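> Structure of the sequence below:
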Amino acid sequence: MSEHAFAVLRHLSDGRFHSGEDIAQALGCSRTLVWQAVHAIESELGLTVFSVRGQGYKLAQPFAWLDVASVRAALSDTAAETYTLAVAERTDSTNSQLMARAGNGGLHGLVLACEQQTAGRGRLGRRWQARLGAGLTFSLLWRFNRGVAELAGLSLAVGVALARALRALGAPVALKWPNDVLLDGRKLAGILIELSGDALGPAAVVIGIGVNVADPGEVDQPVATLAQAGLTPDRNQVLAALLNELELVLRDFDRDGFAPLREEWWRLSAHQNAPVRLAFSHGEPLDGVACGVADNGALQLETAQGMRTFHIGEVSLRERR
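All right, here's what the predicted structure looks like:
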C-alpha cells in the first residue's frame, strides 16, 4: 500500500475538498504520490474518494479516527487507572503484537487498538478483516494471579462483559458458546483469547476483540452491525464502554472464576434449550439440546446418549434447523 495513504486520509478526514497541490505541499511529496495514495485509500482501505477538477479530493463521508484522548475521557476512574492505551494505524495483528509483549514485561492493562490489521484472525485461525472504519478491533493484555489451568470459562466471561456494554448502548445482543456475540442470529462481535504462563500461575492473557460497527464489506460469514441495530455510535465511545465492563468482569474473574457469571451468561445465550449441532475438527458432528454451561464454562448438551459436557477447543456450535 502507498506509504502516504494514511497521511493523505488524515488530510481528507474532515469530509471537505482539499487540492492535491495543498496536500502534496503539506506532506512534502509530489502530486503523483498523492494521487497514488488516493487510489490506495479506495482500492485497499475501501473508502470512496471524489475527485473534482479544480476542487481536488473529498471523502464521500468524514472519517472519525480512533483517538486515545477520546477513549480515556469516557473511562471510569478505575478503568482509567488500569489501562494503558495505544492506537496504531496499521499492524499485522493486535493480538500478535501484545503476545510478543506478554512474555517481555508488557504492562498489565495494555490496550492496543488498530485502524487496519493486515493479518487479523479469529478463532480456529479464521481470517478477520474489515473495511477501514467499519469495525472496532483491539486487544488487551491482562495478567492473572490464577494459573492457565484456572482460566476455563474466560472467553464466556469476556462475552458477558461485551453483552453488558453493547446492550447498554442499545444493541439487543445474545451470546453464542463459546466466544461470539450475535445480533439477530448473525455475528456482531468475536473474541480470541491467547494464553501464556504456567499451569499454576501467574498467567498472561491477550484478549482480542472485533466488533462490526458498520458494513465491513465482503467477509466469509453472515455478520451483523451496530448500524443495523439503528446505532451510529462513535467507535471511541464503544471502545470505552467495552473497556469499562471488561475491567469489572476481569477483576472479578481473577478473584472468583466463571462460576458467579454462569447464570448471567446462560440468560444471555442465543441457544437456551435449543436443538444444536456440534462440529469437531475430527469425527462426526453431534446433535443435542443445549441445556446450560458448567462452572468452568463447558457446554452441557442433552444427547441421545444422555447428558454430555464439551470443553472449549476444536468445537463449533450451530443451531440445528
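> so where's the stretch 201-321 of the chain shaky on pLDDT?
Counting by pLDDT under 70, the ranges of the stretch 201-321 of the chain that qualify are 219-220, 313-315, 321.
> Export only the CA atoms of stretch 161-179, formatted as CSV.
Included here for stretch 161-179 are C-alpha records, laid out as CSV according to Å, rounded to 0.1, in the frame of the first residue of the first chain:
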residue,chain,number,x,y,z
ALA,A,161,-18.8,-8.0,29.6
LEU,A,162,-19.3,-7.3,25.9
ALA,A,163,-23.0,-8.1,26.1
ARG,A,164,-23.5,-5.8,29.1
ALA,A,165,-21.8,-2.9,27.3
LEU,A,166,-23.5,-3.4,23.9
ARG,A,167,-26.9,-3.8,25.5
ALA,A,168,-26.4,-0.6,27.4
LEU,A,169,-25.6,1.1,24.0
GLY,A,170,-28.9,-0.2,22.7
ALA,A,171,-28.0,-3.4,20.8
PRO,A,172,-30.1,-6.4,22.0
VAL,A,173,-27.3,-8.9,21.6
ALA,A,174,-27.1,-12.6,22.6
LEU,A,175,-24.1,-14.9,23.2
LYS,A,176,-23.1,-18.0,21.3
TRP,A,177,-20.9,-20.5,23.0
PRO,A,178,-18.0,-20.2,23.4
ASN,A,179,-17.0,-16.7,22.1
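> For that stretch, could you pull out the residues that count as buried?
Buried residues in stretch 161-179, counting neighbours by 16 or more other C-beta atoms under 10 Å, are found at 161-166, 169, 171, 173-179. Glycine gets a C-beta too; all of them are placed from N, C-alpha and C.
> What of stretch 232-245?
Buried positions in stretch 232-245, judged by neighbour count with 16+ other C-beta under 10 Å: 233, 235-236, 238-245.
> And for the spatially closest residue to Asp184 that is not a sequence neighbour, the neighbour number?
The spatial neighbour of Asp184 that comes closest, neighbours along the chain excluded (C-beta to C-beta, 6 or more residues apart in numbering), is Ala224 at 5.7 Å. Burial measure for Ala224: 19 neighbouring residues, criterion other C-beta atoms under 10 Å.
> Strands of the stretch 1-150 of the chain, start to end?
49-52, 56-59, 84-91, 110-117, 135-144 (DSSP state E, counting those that start in this stretch).
> Output the ones you listed in CSV; the columns should cover mean pLDDT.
CSV is the format used below for those (pLDDT from 0 to 100):
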stretch, mean pLDDT
strand 49-52, 96
strand 56-59, 97
strand 84-91, 96
strand 110-117, 95
strand 135-144, 96
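> Is it possible to get those out as JSON lines so that each row also shows mean neighbour count and distance to Ala73?
Compiled in JSON lines, these are given as follows (neighbours: other C-beta atoms under 10 Å; distance: least, C-beta to C-beta, whole Å):
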{"stretch": "strand 49-52", "mean neighbour count": "13", "distance to Ala73": "30"}
{"stretch": "strand 56-59", "mean neighbour count": "20", "distance to Ala73": "25"}
{"stretch": "strand 84-91", "mean neighbour count": "16", "distance to Ala73": "11"}
{"stretch": "strand 110-117", "mean neighbour count": "23", "distance to Ala73": "15"}
{"stretch": "strand 135-144", "mean neighbour count": "24", "distance to Ala73": "17"}
